[in-house]
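Q: below is the sequence, then the predicted model.
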Amino acid sequence: MLSSSKSYAYEMLLSELTWAVGEDYVQTGDSDKLGHSIDYYWVPEVWHDRGRQLTPPDFIIQPGSSQEVAAVLKIANNYSIPVTPWGGGSGSQGGALPIRGGIILDMKRMNRVLDIDTVSLSATVEVGINAQHLEWAIEKAGYSTMHFPASIACATLGGFIAHRGTGVLSTKYGKMEDMVMSLEVVTPQGEIINTLPVPRHASGPDLTQLFLGSEGTLGVVTKATIKIHPIPQSRKFHAFLFRTMHDAMLAGSRIMTSRLRPCVIRLYDEPETAKLVKRVLGIDKKGAYLVFGFDGQEKIVDLEMEEACDICSSFDHEDLGAEMGQTWWNNRYKFFYPPYMFHMPQAFGTLDTVATFANIENVYWAMKNVVEQNFPQATFIGHFSHWYEWGCMLYARFIIDNPPADANEAVALYNKIWDMAIRAAIKAGGVINEHHGVGLKLGRIMKDLYGPAFKILQDIKQTLDPNNIMNPGKMGFKG
Amino acid sequence: MNINKYLDVINACRFCFMCRHLSAVGNVTFKEADTPRGRALILDKVRMDNSLIANADYIKTIYDADLSAACRRHCVSHYDENSLLLAARQDIVAAGLAPPSVAALARDLQNVDFQVRGAGEILYYIDTYSQRQMQLVEAFDGIAGNVATISGGDTGKALKILGFVNEAREVAAKFAAAVSTSGARTLVTSCPASYDALKHDFPIDGVTVLHSSEFLLQRGLKAKAATTACYLDSDFLKAYNNMAAPRELLLALGYKLKQFATNDEESFSAGEGAAVYDRVNPKLTAKLCERICDLVDVERDLLITSSPYTLHVLKTFRPQLNIISIEQAACRALEA
């Protein structure tokens, strides 16, 4: 953070930044600073809610081109000013918070669809584009990104790239690291580079994958070429209710290990079925709700659906039919709108963890037991929402209806739950995390997660960003 | 403070990002502040510390809002951020903090002199934007026949939207008195803001209010225009009143309607929801118009709007744009 906005040094820097991007695209007003002081992370929300002082950026810069991004990074390096890239600001890990002030690089102005390649089925876009706008543009051309996250309306493509985001159809179409073919990146020292144009090669380690998930700590991603897909002829859903979550997990994992290709599977544990599935979908059942879907050519969809239903039918189940599956799809984002989403004064966190099928239930029980035994005031619920050939993601959540009134006490309690739950998950074979990213929230756990391998990440950071200007204080990097 | 009546909205919107893609002004300024979340955060700060209502930057943000209501329409719970913003503007005006340009505009809007011309059951209100585009009025007149007219100022809607609620009521009362003296039982307007005002804010006893598209649709007009056109939705007719009449009329007249831009959900507002946005924010109005024009093939696309405001600002911004009012579209179809 700069010492004072009244200093002449501030004015010198402001002039230089204004020269780089134009006066319409340098914001220093209170309205904009407030909007950039809070993302979707609970900690700044509670800080705001309790009337505490947030840390604002000194400048909000809205670059219009990669060259302008490069110019800003050169200026920032020159003066050792922190730079925090910002997309939609809807990250839940505090990854876009300007915790040391400085420059917020708001990328939303870089929102053009540059090319749609209908031969290779790819699109090259500037990554500041809103994900829903991108999907609409691709749909207009007759295709789809097949990227349908709950945050589609608010997040940018760059945000998803920054933390390896995912959407509800990830089981078939992959996560962001599967969707991206290549990237243009502005390095911390202001050099514009491109990764190789295709994602499968044997030309050394993959630079695209290096920048995916780097959360703005290794540079600024400015353009991406992503895969696009034909609009499927058919997409169908089916839902089952299982007496136990264990049976439902066995059914879901068997669908995957039999190498059927659902586009989505989602399994809600008994408490979440009773609480959220009932409240949001109006399905009032006791047990574990499992929904899955297939898309593509109708004949193949019908065949795969039949096979998946046969697998489910071999367990103790209630067949809820296609309609209750379709209901989930139609309302898949509703969970995240107020008042359905958890909200103040509640304290809540998503203990996003991923593990193999062999470990995932152990991870669930490890976290659940830690939360329930140590924090009786907390409710623990969870669903398994992104499934792969080898395992799945656990979207576990803890909710405290009445956390401490004092912001410091509330955050201390919140962090303690995170520390204990996540460390229990890691011990049980889990990895933090599957798609929310690390940010400020989980940086302290990165060394535990990686062990000695974390030094390699730290060395890469040091090499690319020797002045540590890029998103300092995030992902557990020192400095 | 009036904003305290909307605590549910503040609490719902302050940390919610789910409608930001529809924020017309946010989509041209790319500012976090110009989204429902950004504005709700500001008003939450003001709620906690009332003195912050005097923050000039906050005031500017509140008056930069386009009020298209696309967010309210999209929200699964329909939280009413628009009413929260109108309450905030009312608080700003009550505190004597309206920006000088807004205060001057409010004084101007109070200079009304409503005149009724002609007589009959039907009275056509010529709003201030239609008055500047008489081809629109003539088109309506050509179809409707010689109906009585009333003109002479805004209905009070613009004042209400700017936060001058008492002044708005006074102007609305003058308008109602003039309508009453005409003896008309049906009041037709081409202006969606006026339609909304007379339907919800300042209804007149015994007088039915119709938008011109509803009126023309009721007449059972049929034609075979066979022209492809994009219908540019109106904030007030779509997001505020969920009205299907404009599209139904165009289809009845034989127009082949093409999707404007990429989707039917976004507002693509030019500021109509803020009634006099072009006079409050000419720079932002130009940006909103530019975004719309960027999505149009100026050579090939025919745009039809049911908003005289939108017609005016788009024609002013890009004179070569092929855009006509819904009354002109009806006229063309019937003449074809």
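A: Structure received.

Q: enumerate every residue touching the closest residue to chain B within the stretch 101-250 of chain A.
A: The minimum distance from the stretch 101-250 of chain A to chain B, using Cβ to the nearest Cβ, falls at residue A:154 (3.3 Å). All C-beta atoms are positioned from the backbone trio N, CA, C, and that covers glycine. Applying Cβ atoms under 8 Å, 6 or more residues apart in numbering or on different chains, we find residue A:154 in contact with A:88-90, A:130, B:17-18, B:20-21.

Q: pick the one among those closest to residue B:78.
A: residue B:18 (12.2 Å; Cβ to Cβ).

Q: you'd agree the closest one is in a helix?
A: No - counting by DSSP: H, G, I helix; E, B strand; the rest coil, residue B:18 is located in no helix; its state is coil.

Q: list the contacts of it.
A: A:153-154, A:333, A:336-337, B:74-75.

Q: make TSV out of these and add distance to residue B:10.
A: Formatted as TSV, the contacts of residue B:18 follow (distance: Cβ to Cβ, whole Å):
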residue	distance to residue B:10
A:153	20
A:154	18
A:333	22
A:336	19
A:337	16
B:74	18
B:75	14
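
Q: just these: which are in strands?
A: Judged by DSSP state E, strands contain none of these.

Q: let's see if you can find the most crowded of these.
A: For these, counting by other Cβ atoms under 10 Å in any protein chain shown, the largest number of neighbours falls to residue A:154: 26 neighbours.

Q: so what's the residue count around the residue lying closest to it once chain neighbours are set aside?
A: Spatial nearest neighbour of residue A:154, excluding adjacent residues (Cβ to Cβ, 6 or more residues apart in numbering or on different chains): residue B:17 at 3.3 Å. Around residue B:17 there are 22 other residues, counting by other Cβ under 10 Å.

Q: check residue A:205 too.
A: Residue crowding around residue A:205 was assessed by other Cβ under 10 Å; the count is 6.

Q: residue B:3 belongs to a helix?
A: Yes - counting by three-state DSSP, residue B:3 is part of a helix.

Q: verify the contact between it and residue B:44 for me.
A: No - counting by Cβ atoms under 8 Å, residue B:44 is not a contact partner of residue B:3; they are 9.2 Å apart.

Q: enumerate every residue touching the closest residue to chain B within chain A.
A: Scanning chain A for proximity to chain B using Cβ to the nearest Cβ identifies residue A:35 as nearest, at 2.9 Å. Neighbour list for residue A:35: A:89, B:31-33, B:35, B:37-38, B:41 [criterion: Cβ under 8 Å, 6+ apart].

Q: go on, residue A:440?
A: Residues in contact with residue A:440 (Cβ under 8 Å, 6+ apart) are A:41, A:43, A:93-95, A:97, A:99, A:473-474.

Q: again, 10 Å this time
A: A:39, A:41, A:43-44, A:91, A:93-97, A:99, A:215, A:471, A:473-476 (Cβ atoms under 10 Å, 6 or more residues apart in numbering or on different chains).

Q: the helices in the stretch 201-350 of chain A, which residues?
A: A:207-211, A:245-257, A:270-272, A:298-313, A:321-330 (DSSP state H, counting those that start in this stretch).

Q: so which of those helices comes closest to residue B:86?
A: Nearest of the helices of the stretch 201-350 of chain A (Cβ to Cβ): helix A:321-330, 32.6 Å.

Q: quick one: mean pLDDT for that closest one?
A: Taken as a whole, helix A:321-330 has an average pLDDT of 96.

Q: just checking it against chain B, any contact.
A: No - Helix A:321-330 does not reach chain B (Cβ under 10 Å from any Cβ of the partner chain); its nearest approach is 11.2 Å.

Q: burial count for residue 163?
A: If you meant another chain, say so; for now it's chain A. Around residue A:163 there are 27 residues (other Cβ under 10 Å).

Q: oops, I was thinking of chain B
A: 26.

Q: now it: closest residue in space that isn't a chain neighbour?
A: residue B:89 (3.1 Å).

Q: ok, the one you found - contacts?
A: B:2-3, B:59, B:62-63, B:65, B:67, B:98, B:102, B:160-165 are the contacts of residue B:89 under Cβ under 10 Å, 6+ apart.

Q: one step back: where does the residue nearest to residue A:154 land on pLDDT?
A: 93.

Q: could you list the low-confidence segments of chain B?
A: Of all residues in chain B, none has pLDDT under 70.

Q: on that earlier part again, please convert the buried members of the contacts of residue A:440 into PyMOL selection syntax.
A: Of the contacts of residue A:440, the buried ones go into a single PyMOL selection, burial set by 16 or more other Cβ atoms under 10 Å in any protein chain shown:
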select buried, chain A and resi 39+41+43+44+91+93+94+95+96+97+99+215+471+473+474+475+476
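
Q: chain B next: which of the contacts of residue A:440 are close?
A: Counting by Cβ under 10 Å from any Cβ, A:39, A:41, A:44 from the contacts of residue A:440 sit close to chain B.

Q: nearest residue to the residue of the stretch 1-150 of chain B found nearest chain A in space, please, no chain neighbours.
A: Here the residue of the stretch 1-150 of chain B nearest chain A is residue B:32; by Cβ to the nearest Cβ that distance is 2.9 Å. Spatial nearest neighbour of residue B:32, chain neighbours left out: residue A:35 (2.9 Å); criterion: Cβ to Cβ, 6+ apart.

Q: likewise residue A:392?
A: Once flanking residues are discounted, residue A:392 sits nearest to residue A:384: 4.8 Å by Cβ to Cβ, 6+ apart.

Q: check contacts around the one you found.
A: A:245, A:248-249, A:252-253, A:265-269, A:288, A:290, A:354, A:360-361, A:364, A:391-396.

Q: same deal with residue B:249?
A: So residue B:249 contacts B:211-219, B:221, B:231, B:255, B:304, B:306, B:326-327, B:329-330, B:333 (Cβ under 10 Å, 6+ apart).

Q: tell me which residues in the top helix by length along chain A are buried?
A: Ranked by residue count under DSSP state H, the longest helix found in chain A is helix A:407-427. Residues of helix A:407-427 classed as buried by neighbour count (16+ other Cβ under 10 Å): A:407, A:410-411, A:413-414, A:417-418, A:420-426.

Q: please see if that helix touches chain B.
A: No - interface with chain B: helix A:407-427 contributes nothing (Cβ under 10 Å from any Cβ), its closest point being 13.2 Å away.

Q: residues shared between the contacts of residue B:3 and residue B:44?
A: With Cβ under 10 Å, 6+ apart as the test, residue B:3 and residue B:44 both reach residue B:10.

Q: neighbour count winner among the two?
A: In this view residue B:3 and residue B:44 are compared by other Cβ under 10 Å, and residue B:3 has more residues nearby, 24 against 20.
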